[in-house]
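Enquirer: any chance you could fold what I've pasted below:
(one chain, ligands or ions: 1)
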Amino acid sequence: MKILVLNCGSSSVKYQLFEMETQACLAKGMVSRIGMSGAVIQHKPHDRPEVTMSAEILDHTVAIENVVAILLSPNHGVIKDKSEIGAVGHRVVHGGERFTASCLVTPEMMIELRKLIELAPLHNPHNIRGINAAFNGLPGVPNIAVFDTAFHHKMPDYAYIYPLPYILYKKYRIRRYGFHGMNHHFVSKRAGEILGKPREELKIITAHLGNGASITAVDKGISVDTSMGFTPLEGLMMGTRCGDIDPAIILHMMGREELSLHEANTMLNKHSGLVGVSGISSDMREIQEEMDNGVKSAKLAFDMYTYRVKKYVGAYAAAMGGLDALVFSAGIGENSWQVREAVTKGLEFMGIHIDVERNKSARGKEVVISTDASKVKVLAIPANEELVIAADALEILQKGSTN
Ligand code: AMP
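Expert: Here you go, the predicted structure:
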């Protein structure tokens, strides 16, 4: 069976088509600038070069129609008939407390999903738009929703309740939800497989270090704590997001600079993190380049970034009462030996010993980067959220689960 995976943002749709028997990606691409002038489709069939096309794309429905058309096109396509697409898997950012596992999209389920927009106003509306567009563009094909929050739903209450008046949880469901769940789930499972031990016997810390970043304590296969919280703003320092700060700073700045809610939100989500501290870029490659050129603000941003990851490694090892494996994943975690080296430096007391050469050679592939004698195994494992979505979609279809 072939499964189409969609990840819909406000003005973009990322897609991948998988052949599930072999788990091969047949084609992938992205539609960007939806609803704007100069919309573009970038499309890469697995066996031919990437093509870029411009088109007028008013909304997500037109975007999905274009995706289906290009998958069918004689020159760039990889299928002959629409009916070859057996299901569509959707990345949905927030499942709240309602959706604790992937599920088949039904009219009843969509009513529940719409109620969660309040919790994720920046993400869920676009995910919902994508589901509706897939219903229109591929009538009769089952849609499956896979949630970024679901892997974290077994966290204990003392990890997910905030030390605020408890009534806020009861009234508004204000609690830690956690995100990047698909990848934390995937890489912790892969770590067990690579190490030849069931994940159920391991204490693993998974560091998803991409433009957005989060870190999770996975004890016996269960996420017992994670750094992102009510929203993806909490936790680690990120490309443009601040992560953990004293919340009183926001109140102070709103008073001093008369910031509106919108402006405060923009400052914390878009103008902070690596770009805010360095004044250079949100991109770790550029930070590292400028650090090597001796730019002090880049070095400060790098040092803060890696120090904050290190603090969480210590905290989560303590939370689990030990550690067997530490996994680095996503753009920075997979590719930056400098970040991995800086994070693990000084953690020898915990049994973490990096092999310098192994670490330097690990780039975008699965590698154990710790020494053979290291008590804690350290791994770099590339993220593959799309394959997780496709695999979940297939499982749901086979089980017939509607949640
Ligand atoms: P993602 O959101 O997973 O695509 O990750 C994006 C982040 O990965 C950006 O900050 C990139 O600078 C970073 N990244 C990608 N390749 C490298 C690399 N070779 N060295 C350092 N950072 C990298």
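Enquirer: where in the stretch 201-350 of the chain is pLDDT low?
Expert: The stretch 201-350 of the chain contains no residues with pLDDT under 70.
Enquirer: how would you label the residue of it found nearest the ligand: helix, strand or coil?
Expert: Using CB to the nearest ligand atom, the closest approach of the stretch 201-350 of the chain to the ligand is made by Gly331 at 2.0 Å. In short, each C-beta sits where N, CA and C put it, glycine included. When classified by DSSP: H, G, I helix; E, B strand; the rest coil, Gly331 comes out as helix.
Enquirer: how close does the nearest residue to it once chain neighbours are set aside get to Lys345?
Expert: Distances taken as CB to CB, 6 or more residues apart in numbering put Gly210 closest to Gly331, at 4.5 Å, once the chain neighbours are dropped. Computed as CB to CB, to the nearest Å, the Gly210 to Lys345 distance reads 22 Å.
Enquirer: contacts only, for Tyr160.
Expert: Counting by CB atoms under 8 Å, 6 or more residues apart in numbering, Tyr160 touches 152, 175-177.
Enquirer: ditto for His46
Expert: With CB under 8 Å, 6+ apart, His46 has these contacts: 24-27, 78.
Enquirer: show me what the top helix by length along the chain is packed up against.
Expert: Taking DSSP state H as the criterion, the chain has its longest helix at helix 296-320. If contacts are counted by 3 or more CB pairs under 8 Å, 6 or more residues apart in numbering; DSSP states H and E, helix 296-320 sits against strand 203-209, strand 213-219, strand 222-226, helix 273-278, helix 284-292, helix 337-344.
Enquirer: dump the ones you listed into TSV; add distance to the ligand and mean neighbour count as well.
Expert: As requested, those are exported to TSV (distance: least, CB to the nearest ligand atom, whole Å; neighbours: other CB atoms under 10 Å):
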stretch	distance to the ligand	mean neighbour count
strand 203-209	7	28
strand 213-219	8	28
strand 222-226	17	22
helix 273-278	7	22
helix 284-292	4	18
helix 337-344	7	21
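Enquirer: touching the ligand at all, the longest helix of the chain?
Expert: No. Using CB under 6 Å from any ligand atom, helix 296-320 stays clear of the ligand, coming no nearer than 9.9 Å.
Enquirer: can you check what angle separates that helix from strand 203-209?
Expert: 160 degrees (axes from the mean of the first three to the mean of the last three CA atoms, to 10 degrees).
Enquirer: in what helix or strand does Ile194 lie?
Expert: In this structure, Ile194 sits in helix 181-195 according to DSSP states H and E.
Enquirer: which other residues reach that helix?
Expert: Against helix 181-195 from outside (CB under 8 Å, 6+ apart): 91, 146-152, 198-200, 202, 204, 206, 208, 214, 216, 218, 221, 223, 226, 324-325, 327, 329-330, 366, 368, 377, 379, 381, 383-385, 387-389, 392.
Enquirer: now do that helix against strand 213-219, angle only.
Expert: Using the same axes, to 10 degrees: helix 181-195 against strand 213-219 is 50 degrees.
Enquirer: as CSV, could you dump the C-alpha coordinates of helix 181-195?
Expert: Below are the C-alpha coordinates for helix 181-195, written out as CSV (Å, rounded to 0.1, in the frame of the first residue of the first chain):
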residue,chain,number,x,y,z
GLY,A,181,6.5,13.1,20.3
MET,A,182,6.7,11.2,17.0
ASN,A,183,10.5,11.7,16.8
HIS,A,184,11.1,11.1,20.5
HIS,A,185,9.2,7.8,20.1
PHE,A,186,11.0,6.9,16.9
VAL,A,187,14.6,7.5,18.0
SER,A,188,14.2,6.0,21.4
LYS,A,189,12.8,2.8,19.7
ARG,A,190,15.7,2.9,17.2
ALA,A,191,18.2,3.3,20.0
GLY,A,192,16.9,0.1,21.6
GLU,A,193,17.1,-1.7,18.3
ILE,A,194,20.7,-0.4,17.5
LEU,A,195,21.9,-1.4,21.0
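Enquirer: just how off-centre is that helix within its chain?
Expert: Averaging C-alpha positions (CA atoms, centre = their mean, to the nearest Å) puts helix 181-195 14 Å from its chain's average.
Enquirer: surely Leu274 is in contact with Gly239?
Expert: Yes. Shown here, Leu274 and Gly239 form a contact pair, counting by CB atoms under 8 Å, at 5.4 Å.
Enquirer: thinking again about what came up before, quick one, which of the contacts of helix 181-195 are buried?
Expert: 91, 146-152, 199, 202, 204, 206, 208, 214, 216, 218, 221, 223, 226, 324-325, 327, 329-330, 366, 368, 377, 379, 381, 383-385, 387-389, 392 (16 or more other CB atoms under 10 Å).
Enquirer: which neighbours do Leu274 and Gly239 share?
Expert: With CB under 8 Å, 6+ apart, Leu274 and Gly239 have common neighbours 282-284.
Enquirer: helices or strands next to the helix or strand encompassing Leu326 in the packing?
Expert: Element membership for Leu326, per DSSP H and E: strand 325-329. With contacts taken as 3+ CB pairs under 8 Å, 6+ apart, strand 325-329 sits against helix 181-195, strand 203-209, helix 337-344, strand 377-380.
Enquirer: quick check: the residue of the stretch 201-350 of the chain closest to the ligand vs Tyr312, distance?
Expert: Distance of Gly331 to Tyr312, given as CB to CB: 18 Å.
Enquirer: before we move on, the earlier item: angle of the longest helix of the chain against strand 222-226?
Expert: Using the same axes, to 10 degrees: helix 296-320 against strand 222-226 is 130 degrees.
Enquirer: so helix 296-320 versus helix 337-344, what angle?
Expert: 50 degrees.
Enquirer: how distant is helix 296-320 from the center of its chain?
Expert: 19 Å.
Enquirer: can you point out the buried residues in it?
Expert: 298-299, 301-302, 304-306, 308-310, 312-313, 316-317, 319-320.
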